[in-house]
Structures are given as structure tokens and as C-alpha cells.
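K.L.:
the following comprises the amino acid sequence and a computationally predicted model.
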Amino acid sequence: MTSRAPSRALPGGLTALGVTVGILVVQRVRTINLNSIEATYKGTAIVGINTNYGGSVTLRNITIVGDSGKKIVPCQKYTGNNTGKEPTKNGSGPDGTYCKYASSDITYK
């Protein structure tokens, strides 16, 4: 069985393939695995994760096209809340816990 990750429009017009941040009253642990994905530049992040709710993202073989300045963040970390407000950013990049990938997993073309 194949499941599709939910998409969410992010600032800059990029639709994320998987977003584990959410504006929900009840937060749950979410795990996303993205493999062999190509994203075309115009946006800010491939995926976002609420670190304080224990979710994680694994990225493998990700290609970002048209972003020679490397402006798209592969994994944006947030501090989620249950108030309905947008979560606050609290870092980005691989850490082995929430954002699981190596620099060799991301290719910019």
C-alpha cells in the first residue's frame, strides 16, 4: 500500500510534500520519510517538523532544482503549540533526531 503525505502551501508558493507542523489543538507524533523527491525552487522549505512533539523527518535522495543560492531549507524545525497560532522557527538542518539526513542526501541543480 502506498500512502501520500499531506501537502500544505508554504510561504513563497512551495507546496511541501510533507509537513509535520500543524495548527491543531491536539498534537501527535508524526514521522515522515521522503525518498527520491525532486522539488522545483520557489519557496522556503521542503518539510517542517515540530521538535517539541517528538516527530521526525528522514530525507534521502532529494533534488532541489533551480535554487543555485540554496535558499530552500530541506528541514525546518519549529516549536509547535496548541493555541492555533503559527509555530515559531527553532532551527534547521540535520540533527540525527528530528531532521535525519546527510548533506549527501540533498542535491541542488
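P.N.:
Structure received.
K.L.:
so N52: helix, strand or coil?
P.N.:
helix (DSSP: H, G, I helix; E, B strand; the rest coil).
K.L.:
any idea how far E86 is from A39?
P.N.:
Distance from E86 to A39, counting by Cβ to Cβ, to the nearest Å: 22 Å. C-beta coordinates here come from the backbone N, C-alpha and C atoms, glycine included.
K.L.:
oh sorry, the question was meant for T51
P.N.:
Taken as Cβ to Cβ, the span from T51 to A39 is 22 Å.
K.L.:
before we move on, back to that, looking at E86 and A39, which is more packed in?
P.N.:
A39 (22 against 11; other Cβ atoms under 10 Å).
K.L.:
tell me the SS of the nearest residue to that one once chain neighbours are set aside?
P.N.:
Leaving out its chain neighbours, the residue that sits closest to A39 by Cβ to Cβ, 6 or more residues apart in numbering is I64, at 5.3 Å. Under three-state DSSP, the three-state class of I64 is strand.
K.L.:
need the pLDDT of I64.
P.N.:
Listed pLDDT for I64 reads 95.
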